[in-house]
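[1] would you be able to build a 3D model of this:
(chains A, B, C and D)
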2 protein chains.
Amino acid sequence: MPPEDWTDRHVARWRDHWSGITYDDQVEGIVTRIGQIDHYLGETMKRAAAASDLQESEYKTLHELMIRDTPGSASPGELAEDLKISGAGMTGRLDALEKKGWIRRVSAIDDRRRVIIQITPKGTEVWRGAMANRGTAEDELIASLTDRERATLNRILKKLTLYIESLPD
Amino acid sequence: MPPEDWTDRHVARWRDHWSGITYDDQVEGIVTRIGQIDHYLGETMKRAAAASDLQESEYKTLHELMIRDTPGSASPGELAEDLKISGAGMTGRLDALEKKGWIRRVSAIDDRRRVIIQITPKGTEVWRGAMANRGTAEDELIASLTDRERATLNRILKKLTLYIESLPD
DNA sequence: GACGAAAAATTCGCTAGCGAAATACTATCG
DNA sequence: CGATAGTATTTCGCTAGCGAATTTTTCGTC
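    Just a heads-up that it's a prediction; the model follows:
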């Protein structure tokens, strides 16, 4: 008898009590497990951020600003899109980072609607500190898989992400 | 040359610009893809909820209240734990549902600290309507995988969830 | 060149959720 | 039995993020 996780029990409760409502075991299993894992990863990211006295949103924003083809430089709209938050939310995040002196806003030359967000030397230092300090919880989670399982998981997950990315916005 | 998803490009940017910062391609791939997929699933759930004039939080709460060994009956703490939100957040959600007449709060007999949340007939009706109306976006996403890939994905994801569930709280 | 549509960033008013604190209740231990 | 620790729920003050609206600028068409 293989061990059960929370999702197995959730799916069993559906089966036991609501036979009139159609659902697919496998779909529900995948969807629920992805949700559970993502929640855990979110918690580990909050802890990693906190280890450098950052909020998760600060950590994510700095990281997305640095890991790009133009490291340390991006428009608010690009950042919002990559981080999958609204423009209004992005403005709020940037206001907070600007206040702390980690970024600055510069008007774009080629298009006066545009703002360019640039990391400051202080912001770079904060981000590097956070990267050095980020912990190993993700690595440890994925370490519970074999090398082969990791490759397989990435391959299958990528089929899903390619599907999602093929959809119109 | 296999197609690239957003995560491939993200990982490439890391490699191209920050060789001094250690990371593991496979880990980053898995973690990022799970995040992307979960975000998409969240969006589909919001749309499914909206199809029945529900907020996502309302939809999730009603669903968790119904899909349990005691369908339609649970304590706030149990619901909060299963939904992975704080007790304070759970109180807010329940206040909103109670206001709409979809649930009621009953004092527990065996333990006066406890409240029992019970679904009302109206709440059951709303939930059934939402389930009937929930759309097929999840099914369609997972339909991009073969049967074998689905089973494999569930098996590997379950290894991760079992690891997470083995950790102390 | 004029006009309307689209785009970029921000503002505004609102909501969901958080952590800490508060209150009441229950369990355990000496 | 009394004191203490732990538990369940809610309240409180705060924050991040949302959708809609706003303002300015750019683009495309005639």
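
[2] count of residues packed around A:Pro168?
    Neighbouring residues of A:Pro168 were enumerated by other CB atoms under 10 Å in any protein chain shown; the total is 3. The way it works is simple: take the backbone N, C-alpha and C, and place the C-beta from them, glycine included.

[3] all the strands of chain A, residue numbers only.
    Assignment of strands within chain A using DSSP state E yields the ranges A:73-74, A:103-107, A:115-119.

[4] now the first one, how far from the centre of its chain.
    Centre-to-centre, strand A:73-74 and its host chain are 19 Å apart (CA atoms, centre = their mean, to the nearest Å).

[5] would that strand count as contacting DNA strand C?
    No - no part of strand A:73-74 sits close enough to DNA strand C to count as contact by CB under 7 Å from any atom of the strand; the gap is at least 8.3 Å.

[6] that strand pairs with which strands, parallel or anti?
    Strand A:73-74 sits in its sheet next to strand A:115-119 (antiparallel), going by DSSP bridges.

[7] nearest spatial neighbour of A:Leu83, skipping sequence neighbours?
    With CB to CB, 6 or more residues apart in numbering or on different chains as the criterion, A:Leu83 has its nearest non-adjacent residue at 5.4 Å, and that residue is A:Glu64.

[8] list the residues that contact A:Asp82.
    In this structure, A:Asp82 makes contact with A:Glu64, A:Arg68, judged by CB atoms under 8 Å, 6 or more residues apart in numbering or on different chains.

[9] and with 6 Å instead?
    Under the criterion of CB atoms under 6 Å, 6 or more residues apart in numbering or on different chains, the contact list for A:Asp82 reads A:Glu64.

[10] and A:Val126, by the same measure?
    Residues touching A:Val126, when contacts are defined by CB under 6 Å, 6+ apart, comprise A:Trp102.

[11] and it, how far is that from chain B?
    Counting by CB to the nearest CB, to the nearest Å, the gap from A:Val126 to chain B is 14 Å.

[12] also A:Glu58?
    In this structure, A:Glu58 lies at 17 Å from chain B, with CB to the nearest CB as the measure.

[13] same question, A:Pro3
    Looking at A:Pro3 against chain B, where the rule is CB to the nearest CB, the gap reads 6 Å.

[14] longest single helix anywhere in chain A?
    When secondary structure is assigned using DSSP state H, the longest helix within chain A turns out to be helix A:25-50.

[15] around DNA strand D, which positions in chain A sit nearby?
    Counting by CB under 7 Å from any atom of the strand, chain A sits next to DNA strand D at A:55, A:57, A:85-89, A:92-93, A:96, A:111-113.

[16] the same query, at a cut-off of 10 Å, please.
    With the criterion set to CB under 10 Å from any atom of the strand, chain A comes near DNA strand D through A:55-58, A:60-61, A:80, A:83-96, A:107-114.

[17] which residues touch A:Arg93?
    With CB under 6 Å, 6+ apart as the criterion, the residues that contact A:Arg93 are A:Ser57, A:Thr61.

[18] how near is A:Arg15 to DNA strand D?
    Relative to DNA strand D, A:Arg15 is positioned 26 Å away (criterion: CB to the nearest atom of the strand, to the nearest Å).

[19] adding mean neighbour count and mean pLDDT, write the strands of chain A out as TSV.
    Shown next, in TSV, are those (neighbours: other CB atoms under 10 Å in any protein chain shown; pLDDT from 0 to 100):
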stretch	mean neighbour count	mean pLDDT
strand A:73-74	20	96
strand A:103-107	15	96
strand A:115-119	18	97
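
[20] what's the nearest residue in chain A when you look at DNA strand C?
    Taking CB to the nearest atom of the strand, DNA strand C has its nearest neighbour within chain A at A:Gly77, 2.5 Å off.

[21] let me know how buried the nearest residue to that residue once chain neighbours are set aside is, in neighbour terms.
    Of all residues beyond its chain neighbours, the one nearest A:Gly77 is A:Gly87 (6.6 Å), with distances taken as CB to CB, 6+ apart. Other residues within reach of A:Gly87, judged by other CB under 10 Å, total 12.

[22] surely A:Gly87 meets A:Leu79?
    No - using CB atoms under 6 Å, A:Gly87 makes no contact with A:Leu79, being 9.8 Å away.

[23] how is chain A divided into domains?
    The record, using automatic domain parsing to delimit domains, assigns chain A the ranges A:24-134, A:136-169.

[24] low-confidence stretches in chain A?
    For chain A, not a single residue meets the criterion pLDDT under 70.

[25] run through the helices of it in chain order.
    Under the criterion DSSP H, helices of chain A are mapped to A:6-17, A:25-50, A:56-66, A:76-83, A:87-99, A:121-132, A:137-142, A:147-166.

[26] kindly compare burial across the ones you listed and name the winner.
    With neighbours taken as mean count of other CB atoms under 10 Å in any protein chain shown, the helices of chain A reach their highest mean count in helix A:56-66, at a mean of 21.

[27] packing partners for that helix?
    Other elements packing on helix A:56-66 under the criterion 3 or more CB pairs under 6 Å, 6 or more residues apart in numbering or on different chains; DSSP states H and E are helix A:25-50, helix A:76-83, helix A:121-132.

[28] farthest residue from the center of chain A?
    A:Gly20 (36.3 Å; CA atoms, centre = their mean).
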